[in-house]
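Student: Kindly return the folded structure for what I paste below:
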Amino acid sequence: MERTTDRIKTIIQLDKEIDDCESTSAAKASELKWKLAKKIWEEWRDGTNNIDLAKAISKSRMHVYRMRRCWEVCPKADEKP
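Tutor: The predicted structure is shown next:
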């Protein structure tokens with residue numbers, strides 16, 4: 001199990017990577033967004049609420065909620081929660 005602080009660092013890093021590649025590689029950005037959604041879902045599953053996670057990663061709570069819901073509703077077939 002990944003520790004919360006490590007996972008939050010990973011979430012922040014993934015978000016930066018998405019920003020860096022979004023205009024040049026839609027496929028890469030999409031793959032990174034799925035990884036981000038999974039990490040956000042894992043963090044929520046392990047007890048961090050949307051508001052606290054949003055503050056930790058400097059995003060809105062709605063962003064956190066939507067990313068988490070993406071993973072809950074449509075997890076990648078090979079990585080269901």
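Student: For the residue sitting furthest away from the middle of the chain, give its distance to residue 37.
Tutor: If you look at how far each residue of the chain sits from its centre, by C-alpha atoms, centre = their mean, the farthest one is residue 24, at 20.4 Å. According to C-beta to C-beta, to the nearest Å, residue 24 stands 21 Å off from residue 37. (C-beta placed from N, C-alpha, C; glycine too.)
Student: likewise residue 72?
Tutor: Residue 72 is 9 Å from residue 37, by C-beta to C-beta.
Student: Between those two, tell me which one has more neighbours.
Tutor: residue 37 (22 against 13; other C-beta atoms under 10 Å).
Student: So which bits of whichever helix or strand the more buried one is part of are buried?
Tutor: Assigned by DSSP states H and E, residue 37 belongs to helix 26-45. Using 16 or more other C-beta atoms under 10 Å as the test for burial, helix 26-45 gives 29, 32-44.
Student: after that helix comes which helix or strand?
Tutor: Taking DSSP H and E, what comes next after helix 26-45 is helix 50-57.
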